[in-house]
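Undergrad: Below is the sequence, then the predicted model.
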Amino acid sequence: MSLRERKKERTRVELQRHALRLFRDQGYAETTVDDIAAAAEVSRSTFFRYFGTKEDVLLFDNVDPVIFRMMAAVPEGVPLLQAVRGVLRDSFAALDDEARDIEEIRMELARTPAVAAILRERNAFGIEQYTGMIASATGREADDPDVLLFSAILMGARHAARARIDAGHAKSHVDELDAMLERLTAGVPLAAEPVRGRDGGRAASFSRPGPRDGRTG
């Protein structure tokens, strides 16, 4: 990378770092492009040379390109869940401290109502984020039911990790996500767990509806 390219990359990182921290500290809606530019000590026009909109700062991802590149390099024969866990760990480990901090803040912001609404509208963090990668890794189509289900499980694991952090049970999104994926190595948790009732241990009764008013037809 040339000196000019390194300077451009440094400016983009600084813009995103300041923007995300402003979004976190004072709110997404309350933060303007001028606020971001001032915090990064650049002009408004400089901001728009790197990001088309304020939303684009949220959507720019340092990790996904690394994940996709590493996943494509996984040797044949490695079990899929093992491969995904290894790639997620290694991709975050490949980031420097600043990039890792930026990604943690992005994950934190994704749980706030204002930012979550934007991400849903732009279909960011959607299932398509995973289906292409999983389809390529398994030699299946992206709309294969098992590809869709596995991709949805990955999304669920990420949401579960975030919920644990929000509840104060964990600190690092990366570590907690890996812990959630590790739980899946024994199968889907609770899938075979018997349902237990809450009223003195008696399970709720489920019965088929019978005929009404004595009529059977």
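TA: Now that the structure is in, tell me what you want to look at. Numbers count the residues shown, from 1 in each chain.

Undergrad: Tell me where this protein is predicted with low confidence.
TA: Scanning the chain with the threshold set as pLDDT under 70 gives 1, 123-125, 198-217.

Undergrad: Could you point out the longest helix of it?
TA: Ranked by residue count under DSSP state H, the longest helix found in the chain is helix 3-26.

Undergrad: which outside residues touch the helix or strand just after that one?
TA: With elements assigned by DSSP states H and E, the helix or strand that comes after helix 3-26 is helix 33-40. Helix 33-40 is contacted by residues 11, 14-15, 18-19, 21-22, 26, 43-44, 46-48, 54, 57 when judged by Cβ atoms under 8 Å, 6 or more residues apart in numbering. Bear in mind the C-beta positions are built from the backbone N, C-alpha and C, glycine included.

Undergrad: same thing with stretch 60-75?
TA: Taking Cβ under 8 Å, 6+ apart as the rule, stretch 60-75 contacts 12, 16, 51, 83-84, 86-88, 90-92, 94-95, 99, 102-103, 106, 129, 133, 136-137.

Undergrad: how far does stretch 28-37 stretch from start to finish?
TA: One end of stretch 28-37 to the other measures 15 Å (Cα to Cα, to the nearest Å).

Undergrad: Which positions within it qualify as buried?
TA: For stretch 28-37, burial by neighbour count (16 or more other Cβ atoms under 10 Å) applies to 28, 31, 33, 35-37.

Undergrad: circling back to that earlier point, quick one, which of the contacts of helix 33-40 are buried?
TA: 11, 14-15, 18-19, 21-22, 47, 54, 57.

Undergrad: what about residue 142, which helix or strand?
TA: Applying DSSP H and E as the criterion places residue 142 outside every helix and strand.

Undergrad: Apologies, that question was intended for residue 98.
TA: Assigned by DSSP H and E, residue 98 belongs to helix 97-109.

Undergrad: Can you name the element that comes right after that helix?
TA: Next along the chain after helix 97-109, taking DSSP H and E as the criterion, comes helix 113-121.
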